[in-house]
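[1] got a predicted structure plus its sequence, pasted below:
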Amino acid sequence: MPAALVTAALLTARAYSPVIAPLLTILPRDPVLPPPEALQAVLVGSGNAVDHLPAAYRRLRLLAVGDATAARARRAGHAEVSSAAANAARLAVLAGETLDPAGKPLLLAVGEGQGTGLEAALIARGFHVLRRAVYTTAAAASLPAAARAALAAPEEPLLRPISRPLSEGQTLRAGLFFSAETARVFRTLVTAEGLTDRLGAIVALAISAGTAAELRPLPWREVREAPHPNQEALLALLP
């Protein structure tokens, strides 16, 4: 949950009172990966993929989908890192601009079931792509207790996306969603637990169009979509 703790610290610095609600558990996989010397570069679509790459791949050039993922790669010890600063479509463009389609294959490190669109875009540009799932996710079976309590609190708006219980008189003012998968799990759980009627006073903040699409079927007060798929743009939407 390190990324969530960083976000919580940023919210606290802005005088908000965050409640963290983990809806996905990241689990490692043990894929058969090509040797580093057989590759031209590594492409990653998330920080989770960075965390699950073996150390031997740190000497390869790494292309990241966004600045936060690129920063995470540098902290992990990757020396040559480039950021698409946007999304998977832009990452394919960056690969086309900076890598050689006639060169060695690209390792596309992703979560299980992810990256098919990016793989297709890279193949269309002439690259030989080796897509490998280096991690998987497990969805929560129920809403975290703190989230459930926050949603059930009397309506008197403050903030929260959803470890700490709300103080008396505080209620959720906003929910922050950093992936379409997280939004999809939340939608499933909040519906199953009969709490959708508690969303009417809450603003949902989505990091991308895909995330917003997963949230819009719920009766939020409003769904706001970040103009750029990064944390800074998302936090700028806070009510």
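    Structure's in. What do you need? Residues are numbered from 1 along each chain as shown.
[2] switch to C-alpha atoms for all contacts and neighbour counts from now on
    Will do.
[3] all strands for the chain, in order.
    For the chain, the strands defined by DSSP state E occupy 24-28, 41-44, 61-64, 81-83, 106-111, 129-139, 174-177, 203-206, 222-225.
[4] what helices and strands are in contact with the third one?
    Which is strand 61-64. Using 3 or more Cα pairs under 8 Å, 6 or more residues apart in numbering; DSSP states H and E as the contact test, the elements touching strand 61-64 are strand 41-44, strand 81-83, helix 88-98.
[5] try it again at 7 Å.
    strand 41-44, strand 81-83 (3 or more Cα pairs under 7 Å, 6 or more residues apart in numbering; DSSP states H and E).
[6] one step back: let's have the strands of the chain in CSV, adding mean pLDDT, distance to Pro54 and mean neighbour count.
    Listed next are the strands of the chain as CSV, based on pLDDT from 0 to 100; distance: least, Cα to Cα, whole Å; neighbours: other Cα atoms under 10 Å:
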stretch, mean pLDDT, distance to Pro54, mean neighbour count
strand 24-28, 94, 11, 14
strand 41-44, 98, 12, 25
strand 61-64, 98, 13, 24
strand 81-83, 97, 16, 22
strand 106-111, 97, 11, 25
strand 129-139, 97, 10, 19
strand 174-177, 94, 28, 24
strand 203-206, 96, 31, 27
strand 222-225, 97, 34, 20
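[7] Leu11: which of these is closest?
    strand 174-177 (10.8 Å; Cα to Cα).
[8] for that closest one, list the C-alpha coordinates in PDB.
    Output of strand 174-177 as PDB, limited to C-alpha atoms (Å, rounded to 0.1, in the frame of the first residue of the first chain):
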ATOM      1  CA  ALA A 174     -14.800  12.700  -2.400                       C
ATOM      2  CA  GLY A 175     -13.600   9.300  -3.600                       C
ATOM      3  CA  LEU A 176     -10.300   9.000  -5.500                       C
ATOM      4  CA  PHE A 177      -9.900   6.200  -8.000                       C
END
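[9] so what secondary structure elements neighbour it?
    Counting by 3+ Cα pairs under 7 Å, 6+ apart, strand 174-177 packs on strand 203-206.
[10] identify the residues contacting the strand it packs on?
    Residues from elsewhere that reach strand 203-206, judged by Cα atoms under 7 Å, 6 or more residues apart in numbering: 173-178, 212, 220-226, 234, 237.
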